[in-house]
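Chemist: sequence and predicted structure are below.
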Amino acid sequence: MNRNHFLRNIGRGSLALGVSPLVSFNRQDGEKMDPKVVQEFVGACHRDMDKVKTLLEEYPTLLNAAHDWKKGDFETGLGAASHVGYKELAQFLLDEGAQANIFTACLFGKMDIVKPMLTAFPKSLNALGPHGFTLLHHAEKGGDEALEVKEYLLSLGAKETKVALY
C-alpha cells in the first residue's frame, strides 16, 4: 500500500467515525407525546391548577412540553400561566422544574434577571412569547411586584404588549 492510498483510507475511516455518532443523535426513537395531551395541559395552565397537577402526575414530561397552536406559535405550560398572570401556577411549575425564561422573570418582577439579560441581549426587548405577548405585557400582568421591571422596559423603549403573529 502506498502512502497516498493509506492516507485516503485513513481519512475515509475518520470521517465515518466522526459522522456515525452524529447520525445516531438525530434519530428519534420511541413514542412521541400525544399532541392532544400537550394541548390539554397547556390549555389547563391558563386557568386550572388541579387539572395541571393531575396531568403532570400522569405525564411528568409535560412540564416542559410545548404546543404549536399554529404557524410556530409555541406555548409551554409556564408560558401559558405567565402570559395570563397566573402567578401561583407559574410558581408551582417553576418549583417542579419548568424551564424559567425572561418572560416569567418579567411577570415576577425579577429585575436582577431581566436587566442583565437585556444588557447582554438587547434585541430581546422585542422578543415575542406565546401568541405574540411581549415582555412588557408580562410585566404589566405582574402588577405591583413587577412595576420596576415595567418601568425599566418602558425606559428602554418597549411600547407594544402584543404583536400579531398571523
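Modeler: Yep, it's here.
Chemist: quick check: buried residues in stretch 84-92?
Modeler: Val84, Gly85, Tyr86, Lys87, Leu89, Ala90, Gln91, Phe92 (16 or more other CB atoms under 10 Å). (Glycine included, C-beta is placed from N, CA and C.)
Chemist: for the first one, what are phi and psi?
Modeler: In terms of degrees, to the nearest 10, the main-chain angles of Val84 are phi -90, psi 0.
Chemist: the fifth one too?
Modeler: Summarising the backbone geometry of Leu89 under the convention degrees, to the nearest 10, its torsions are phi -70, psi -40.
Chemist: can you tell me the element the nearest residue to it once chain neighbours are set aside falls in?
Modeler: Excluding the flanking residues, the one nearest Leu89 by CB to CB, 6 or more residues apart in numbering is Ala81, at 4.2 Å. Element membership of Ala81, judged by DSSP states H and E, is helix 77-83.
Chemist: that helix: how far from the chain's middle?
Modeler: Helix 77-83 sits 10 Å away from the centroid of its parent chain (CA atoms, centre = their mean, to the nearest Å).
Chemist: now stretch 98-109
Modeler: On the basis of CA atoms, centre = their mean, stretch 98-109 sits 10 Å off its chain's mean C-alpha point.
Chemist: what ranges does this protein have for its strands?
Modeler: Under the criterion DSSP state E, the chain contains strands at 66-68, 74-76.
Chemist: okay, these, which one's buried deepest?
Modeler: Compared across the strands of the chain, strand 74-76 shows the largest average neighbour count, a mean of 20 (mean count of other CB atoms under 10 Å).
Chemist: do you know how far the nearest residue to Cys106 once chain neighbours are set aside is from Ala81?
Modeler: Spatial nearest neighbour of Cys106, chain neighbours left out: His138 (3.9 Å); criterion: CB to CB, 6+ apart. Here the distance between His138 and Ala81 works out to 11 Å (CB to CB, to the nearest Å).
Chemist: what of Gly109?
Modeler: Gly109 is 16 Å from Ala81, by CB to CB.
Chemist: which one of these two has more residues nearby?
Modeler: Ala81 (28 against 21; other CB atoms under 10 Å).
Chemist: what sits up against stretch 39-56?
Modeler: For stretch 39-56, the external contacting residues (CB atoms under 8 Å, 6 or more residues apart in numbering) are 37, 59, 62-63, 65-67, 75-81, 84, 86, 88-89, 92-93, 96.
Chemist: please apply the same query to stretch 64-74.
Modeler: Identification of contacts with stretch 64-74 by CB under 8 Å, 6+ apart yields 33, 35, 38-39, 41-42, 75-79, 98-99, 130-132, 165-166.
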